[in-house]
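>>> sequence? don't have it. structure:
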């Protein structure tokens, strides 16, 4: 879940200045409209120590009109608060219509901390999460816009930051023993947080994880995220704007896909050896599947011409034909359209001992349907949690779920399109749509980045495949499939 | 929660026939409209053994157009189903748009049964409930209309029904050992079911508990409930119909209020003795409150002129003035209107050692706001769960919550109105609104009945007060307050 917030995103001073000016102007404008818009705004700032929640809060107060804003910090409860229901301190801090309250820590901080330090059992955490969700649903139903931001830094960055603050006599007071104790528990924090964010990232109140190592990047991203949510809600009032497709003229975003090393290759000889080795392993494991009452679900997503078909064939040729089904997903049939949007995937789920391989999948909801505007923003936003719930049930009932994203560069894609047009037996694979989609590459890339961030779970993580070299990609897909099956069996 | 389904409601043959004819005609009409309405319908039939789920299902198939309907019965999972995710069997049974599926038992039956027979821990039940809610939210978000009916009979009626079926050679096969085992566990069933229904009665998918001792009443009520939900959803499409106030020309409903014995009285002497006794007890207990880190919240609802003020004064005169606040609730202030609808109650919550007495309360949402159409149907429907969640947090954090409904007959109300007009110092208490509200008595009574059924919980049950005689009512209020405090301290 945090992979997409460890990309090393940075902003230099001139760009920061330019974007700051723009976002400030628009935020003030939005805030003015908010006054009469008839709803209130809750901005929840979560994040590990040292990620800069306090700095961000001050920044927002500096950039926006502080008259319409209040803040709330979740400290140790006061005597007053201890003698009231758990949520009373949040209830009382909720802003009236037309105003914004920024919650530092909010209702998440105590829950996560109590779980990390063992004061809350795993089941207790479930109960706490149910309460968090019920509360936010209640707020959303009542019309409040809930914007949830999670400021993320890595363990290394956290240590660096704490040391730096501790050295400076002016900031030394900000570093407490508790901060260092939290630092030692960083890995637990991360695990608990991942679960909490996954189970509370609902359609009404989604999370945005903000990469926070660089303060300039962090502040701008927070401000722009707040603006985007606020803008969207304000514009919803104008009836013509439902189901707006994502803009296609996005600037080139920095995404997790940019971190992949596409130069990785495999020479022919090595390819043959490796292929044989992993196919053999896969075949061996596939025969264990039924005995262990397990099944396997492989999901392939990625760019057009990314090599999904080829990778799938290298898997199926290691299996008995009775043991697998490949389900190519394109536009839904009439019957499928009449059912729940997941029905067309539900109907092909394998039984124990079998593989179902989805060539494109339910992730279409948050990729093509999002980018092309086939699904409303409300629908694709809530899909992240629906999909996580679905995959959790799959793994719980004994299925191994492996999800591959096959990534190629834009140039390579163009080369492959051209090659398809030249080969008569591949021409069916290429059409004007493919070229048209290229115009929306940035929107697709942003959607893929969000998808990976929000649906990479401990039970069903995404495996990113550097697919510029077909041989390398195929072997990596096979090897990862085998590894995941081996772990599970 | 089931009090409102043990009222002895019955239908005689002629009335059954007349209402059956009407509901059948309208159901068929609605079903026809459904075909092109672009959504699907799930009817969930839950209930204890012997309440007649099977009979009701057959009835619905007989009365409606079976071509647009399917059924699903939750039996022991088949081999096929065991090798799939837990919910797969429900997923696959979901109807396409334009159609209806009736689920016998549905996703609730296995959860409740496993909890009753100890195969699911209390925490496991929480998790299962979270999954039920997520699933239904997913369905509702996707556009499915989810109608949930719970067929209720008492333990005695269950025994009678099982015996009767067992005697008749034609129906003997329908009574299994499992049925009798379930009968022995009736009380556990009831407790678990109450919790499950309370926590899954959401705004999108509310429960309706159906009194099922009389088959004719049961079948008609089920059919009419299905029709009402279906009709409402079909009519939602026509833009003019949001926030429709409840009809004021309802037939006189049979409600739990009808079961109260309003002839109960207390003579003056006895009243003085009892008053002194319970006020003394209350005073004694009130001084323990702070030491035990507890607080008290008393809620008064009931008919206009039901005697709330008088009952409250008999409580407060037993307390130290620094220890209590009485909050009279009327129309919200501007500031209150700008906040969450519960904010105006949150702000007056007591601390430990104190009493807050609400003269009218958050229940206005499901009473006056429902009947007068100030809250949309969507808003007041989801309020039941919001209120239960709220009161659960209150009791969890140490507050004793006692809720009183003061009930008087319509004639008595009229007498008291007239008396108020005669007494100069009481004239401020009466206005044209009071008379106007009387025209909606049946709508209010139905709302009160629903409220009591849905928010009478084990942690905060409603106490119904027979208030025709003021002395009797005041003493009962005091006694119940003392008893509840005594239990808690």
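All right, it came through fine. Quick caveat: nothing in here was measured; it's all calculated off a predicted structure.

>>> low-confidence ranges in chain A?
For chain A, the stretches with pLDDT under 70 are A:237-253.

>>> Per the annotation, how does it divide into domains?
A:3-241, A:257-488 (automatic domain parsing).

>>> Now mean neighbour count and distance to chain B too, for those domains, in a markdown table please.
In short, each C-beta sits where N, CA and C put it, glycine included. Below are the domains of chain A laid out as a markdown table (neighbours: other Cβ atoms under 10 Å in any protein chain shown; distance: least, Cβ to the nearest Cβ, whole Å):
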| stretch | mean neighbour count | distance to chain B |
| --- | --- | --- |
| domain A:3-241 | 18 | 3 |
| domain A:257-488 | 18 | 4 |
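
>>> Can you tell me the closest non-neighbouring residue to residue A:179?
Nearest residue to residue A:179 in three dimensions, chain neighbours excluded: residue A:49, at 4.8 Å (Cβ to Cβ, 6 or more residues apart in numbering or on different chains).

>>> The one you found looks like it's in a strand, true?
No - read with DSSP: H, G, I helix; E, B strand; the rest coil, residue A:49 is coil and lies in no strand.

>>> Can you list the residue ranges for strands in the stretch 1-150 of chain A?
For the stretch 1-150 of chain A, the strands defined by DSSP state E, counting those that start in this stretch cover A:41-47, A:69-73, A:100-104, A:145-152.

>>> If I take the second one and strand A:100-104, what angle do their directions form?
The one in question is strand A:69-73. For strand A:69-73 against strand A:100-104, the angle between stretch directions is 20 degrees (axes from the mean of the first three to the mean of the last three Cα atoms, to 10 degrees).

>>> repeat for the last one
Regarding strand A:145-152 and strand A:100-104, their directions subtend 30 degrees when assessed with the same axes, to 10 degrees.

>>> got the contact list for strand A:145-152?
A:2, A:5-6, A:39-48, A:51-53, A:56, A:136, A:139-140, A:193, A:197, A:200-201, A:204-212, A:218, A:222, A:225-226, A:229-230, A:233 (Cβ atoms under 8 Å, 6 or more residues apart in numbering or on different chains).

>>> Go again with 7 Å.
A:2, A:5, A:39, A:41-47, A:51-53, A:56, A:136, A:139-140, A:197, A:204-212, A:218, A:222, A:225-226, A:229-230, A:233 (Cβ atoms under 7 Å, 6 or more residues apart in numbering or on different chains).

>>> partners of it in the sheet?
strand A:41-47 (parallel), strand A:207-211 (parallel) (DSSP bridges).

>>> Skipping its backbone neighbours, what lies nearest residue A:314 in space?
residue A:474 (4.6 Å).

>>> so which helix or strand takes in that neighbour?
helix A:470-488 (DSSP states H and E).

>>> contact partners of that helix?
A:264-266, A:271, A:274-275, A:278-279, A:281-282, A:285, A:294, A:296, A:298, A:307, A:310-311, A:314-315, A:400, A:402, A:404, A:406, A:463, A:465-467.

>>> now do stretch A:167-181
A:49-50, A:162, A:165-166.

>>> Same check on stretch A:197-212?
By Cβ under 7 Å, 6+ apart, the residues outside stretch A:197-212 that reach it are A:1-2, A:4-7, A:9, A:47, A:51-52, A:129, A:132-133, A:136-137, A:140, A:146, A:148-153, A:217-218, A:221-222, A:225, A:378, A:381-382, A:384-385, A:388, A:453-454, A:457, B:141.

>>> The closest residue to residue A:215 other than its chain neighbours and residue A:153, how far apart?
The shortest distance from residue A:215 to any residue other than its chain neighbours is 6.3 Å, reached at residue A:52 (Cβ to Cβ, 6+ apart). Residue A:52 is 8 Å from residue A:153, where distance means Cβ to Cβ, to the nearest Å.

>>> Could you dump the strands of the stretch 1-150 of chain A into TSV and include distance to residue A:344?
Output for the strands of the stretch 1-150 of chain A, formatted as TSV (distance: least, Cβ to Cβ, whole Å):
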stretch	distance to residue A:344
strand A:41-47	35
strand A:69-73	45
strand A:100-104	40
strand A:145-152	31
